[in-house]
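>>> This is the structure alone, sequence omitted:
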């Protein structure tokens with residue numbers, strides 16, 4: 001199964017309300033002239049968040065969002081940069097599409113990784 005087939009299958013796994021929200025995000029990103037790669041990354045992160053919700057309504061409290069970010073760190077092993085992009089994508093969803101600032105505001109961004117001098 002190629003990558004595009006698995007992506008289509010994942011879209012069919014979303015609830016109708018999640019699919020509608022994902023299309024709204026996509027259209028808003030296009031209207032705002034976000035770069036193609038940014039749109040692709042944001043949509044992927046939001047789609048995976050919706051799949052993690054398993055059809056449940058989009059939460060309006062910060063706890064489930066934090067639980068998802070913790071799941072990414074503990075079970076998927078994502079780094080700080082990927083976590084930062086996920087946070088940005090969810091922030092766009094909550095602030096610009098859902099207009100639900102209290103859900104995302106208390107969640108702090110991940111700390112950037114410190115590099116040792118060479």
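Looks like it came in fine. Since this is a predicted model, take the numbers as computed values, not measurements.
>>> packing partners for the helix or strand hosting residue 43?
If you go by DSSP states H and E, residue 43 is part of helix 36-53. Using 3 or more Cβ pairs under 8 Å, 6 or more residues apart in numbering; DSSP states H and E, the elements in contact with helix 36-53 are helix 3-13, helix 16-31, helix 62-71, helix 80-92. Bear in mind the C-beta positions are built from the backbone N, C-alpha and C, glycine included.
>>> So for it, mean pLDDT?
On average, the pLDDT along helix 36-53 is 95.
>>> for the protein, what are the low-confidence residue spans?
Residue ranges of the chain with pLDDT under 70: 1-11, 113.
>>> ok, back up a step: angle of the helix holding residue 43 against helix 80-92?
Here helix 36-53 points in a direction 80 degrees away from that of helix 80-92 (axes from the mean of the first three to the mean of the last three Cα atoms, to 10 degrees).
>>> buried residues in helix 36-53?
Residues 39, 41-43, 45-50, 53 are the ones in helix 36-53 that count as buried (16 or more other Cβ atoms under 10 Å).
>>> nearest to residue 77, of those residues?
Nearest to residue 77 among the buried residues of helix 36-53 is residue 48, at 14.2 Å by Cβ to Cβ.
>>> wait, residue 69 sits on residue 107?
Yes: if you go by Cβ atoms under 8 Å, residue 69 and residue 107 touch, sitting 7.2 Å apart.
>>> joint contacts of those two?
residue 87 (Cβ atoms under 8 Å, 6 or more residues apart in numbering).
>>> List the contacts of the helix holding residue 43.
Applying Cβ under 8 Å, 6+ apart, the external contacts of helix 36-53 come out as 10-11, 13-15, 18, 21-22, 25-26, 29-30, 34, 58-59, 64, 68, 71, 85-86, 88-90, 92-93.
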